[in-house]
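In: Sequence plus the predicted model coming up.
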Amino acid sequence: MPGGLVMVWFRSDLRLTDNPALQFAASTGKPVLPVFVRNTARDVPWAQGRASKWWLHESLVSLDASLREKGARLILRDGDPGLALTALAVETGADTIVWNSPREPDGRETDAELERQFRRAGISVKVWPSAYLFSPDDIRTREGKPFLVFTPFWNACRAEKPPREPLPAPARLPFPEITVRSPSLDELGLLPAPDRAEGIRAMWKPGELTAHKVLDEFLATRAHAYKTDREFPGIHGTSRLSAHLHFGEISPHALWHRAREANAVHFLRQLCWREFASHLLFHYPHTTDHPLKTEYNRFPWNEDTAALSAWKTGNTGFPFVDAGMRELWATGWQHNRMRMVTASFLTKDLLLNWTLGARWFWDTLVDADLANNTLGWQWVAGCGADAAPYYRVFNPVLQGEKFDPKGEYVRRWIPELAGVSDRFIHRPWEAPAGELRAAGVKLGSTYPSPIIHHEEARKRALAAYASLRRL
Ligand SMILES: Cc1cc2nc3c(=O)[nH]c(=O)nc-3n(C[C@H](O)[C@H](O)[C@H](O)COP(=O)(O)OP(=O)(O)OC[C@H]3O[C@@H](n4cnc5c(N)ncnc54)[C@H](O)[C@@H]3O)c2cc1C
């Protein structure tokens, strides 16, 4: 049996640069066997959604191409990661397995168990934390507790010593001179039905190379106006790096240092929301499914499948909300402002449980991320850390008028309203009959009438929140 090779287990670090595990493997001088395992062995509570699977497929294609340029290639496996990797180690004679650990609750348990399993099998293990800038144990309040409010968390991050410098990609990755079979990527069955993939494919190009290009372009052309432009969904004012970051095609360390050099402070602050989300999920892993504020366990959520379906498909009759939901379905991404507006509409106007929305986002976002999604939904619903106060109910009309004043965003995603004037684009039900006729709009037919009355819904939400305090 051939001996002495290092297996690099790729997880949520699908890159060659600033990859500590890969860098270590290359430095040993031994042959390097890069592996990705699709975990199909058991029901994971938040198993990847359809949009994420598409991204993962494309990202693995790109990773394999980059590895080949260095002399290696990506070996694929599916099933239980522990069993698959142990079997592969035995087959190839690997004596070491290395990886960068994801920090999600499920990954954490898996990691500890796997380390034990590999060591029992006589395989040495080395693991690096590289998915985040700061360790959840280093960032603590003065009393040694986890942070629950963002601004002091951000201040604590800034007081820490700066994140380490990113590592270069290994110059060469010698692949073992043995035959190792691998299923093709298509056999992993990650790609969704073609109708969904088309819009997503038009908007995104997964992979490390693109991630760096997107960052370069953002820093050169958008970062200077980020603080203001990031509020407007009709403007391409944010980095759109979220999925690249989630899949680890670019490391937060690389991003941090590049943004620091460019003095993009507001962007760095936003990047620390990602750190905060992970910090919270690390310390409160149950919050993926349960409110952080326990009184919200008694919240009188509504049940209304028709309203849920109208929200998912962008047919609530509120153009700003519907534009956001249609953007999400068409592109696998939604602007941050729209995530707040659509989530507020679901949880406050429709009074539907935030987990229903979190699950829909999980399935439809290419950047679906357990920590960020959980934080975002609990923040909007009012039941999480540093959450929007319960009485803050976004008004979908006023939000539209403020953040899409000319209605460009709405017209892009709801072409059937294209002919409505700026004045009524966010409230077509108030438009004069003649204007609607001239614009070819028939409410309830070409575009839905509003499914609720916002002011009444707001009062109902406030009463529901007030009932929590009375109990
Ligand atoms: C209800 C809701 C659900 C969300 N679900 C997700 C999700 O599943 N995955 C996800 O990555 N983000 C999520 N977010 C956060 C945010 O909307 C996205 O990170 C952002 O819109 C991505 O676009 P961008 O890369 O252009 O962001 P930029 O503005 O360019 O920000 C740069 C990076 O900072 C991080 N970031 C920015 N804002 C936030 C934030 N509020 N919370 C956490 N991290 C942030 C992201 O990693 C982002 O890529 C959610 C927000 C809400 C309100």
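Out: That came through, no problem. The shown structure was predicted, so the numbers you read here are calculated from the model rather than taken from an experiment. Numbering: from 1, shown residues only.

In: what's the burial count for the residue in the stretch 301-450 of the chain that the ligand sits nearest to?
Out: Proximity of the stretch 301-450 of the chain to the ligand (CB to the nearest ligand atom) peaks at residue 376, 2.4 Å away. (Each C-beta comes from the backbone N, C-alpha and C, glycine too.) Residue 376 has 22 neighbours, counted by other CB atoms under 10 Å.

In: Could you check how far residue 348 is from residue 464?
Out: The spacing between residue 348 and residue 464, counted by CB to CB, to the nearest Å, is 9 Å.

In: who has more neighbours, those two?
Out: Neighbour count, other CB under 10 Å: between residue 348 and residue 464, residue 348 has more, with 27 against 16.

In: hang on, the more buried one in a strand?
Out: No: using DSSP: H, G, I helix; E, B strand; the rest coil, the secondary structure at residue 348 is helix, not a strand.

In: isn't it right up against residue 395?
Out: No: Residue 348 lies out of contact with residue 395 (CB atoms under 8 Å); the separation is 10.2 Å.

In: Need the overlap of contacts for the two.
Out: Contact with both residue 348 and residue 395 is made by residues residue 458, according to CB atoms under 8 Å, 6 or more residues apart in numbering.

In: Report the separation between residue 340 and residue 115.
Out: Relative to residue 115, residue 340 is positioned 39 Å away (CB to CB).

In: Near the ligand, which residues of this protein? Just list them.
Out: 230, 238-242, 245-246, 270-271, 273-274, 277, 336, 339-340, 343, 361, 365, 367-369, 372-373, 375-377, 380 (CB under 6 Å from any ligand atom).

In: re earlier: quick one, grab the pLDDT at the residue of the stretch 301-450 of the chain closest to the ligand.
Out: As predicted, residue 376 sits at a pLDDT of 97.

In: Likewise for residue 112?
Out: The model's pLDDT for residue 112 equals 84.

In: ok, now residue 361?
Out: 98.

In: Not counting its neighbours along the chain, what's nearest it?
Out: Nearest non-adjacent residue to residue 361, counting by CB to CB, 6 or more residues apart in numbering: residue 373, 5.7 Å away.

In: Can you give me every residue that contacts the one you found?
Out: Residue 373 neighbours (CB under 8 Å, 6+ apart): 358, 361, 362, 365.

In: A helix includes it, no?
Out: Yes: under three-state DSSP, residue 373 sits within a helix.

In: Specify the next element, helix or strand, located C-terminal of the one helix or strand residue 59 maps to.
Out: Following DSSP states H and E, one finds residue 59 within helix 50-69. Going down the chain from helix 50-69, the next helix or strand is strand 75-79, by DSSP H and E.

In: Can you name every helix or strand that that next one contacts?
Out: Strand 75-79 sits against strand 32-39, helix 81-92, with contacts defined as 3 or more CB pairs under 8 Å, 6 or more residues apart in numbering; DSSP states H and E.

In: If we use 6 Å, what do you get?
Out: When contacts are defined as 3 or more CB pairs under 6 Å, 6 or more residues apart in numbering; DSSP states H and E, strand 75-79 packs onto strand 32-39.
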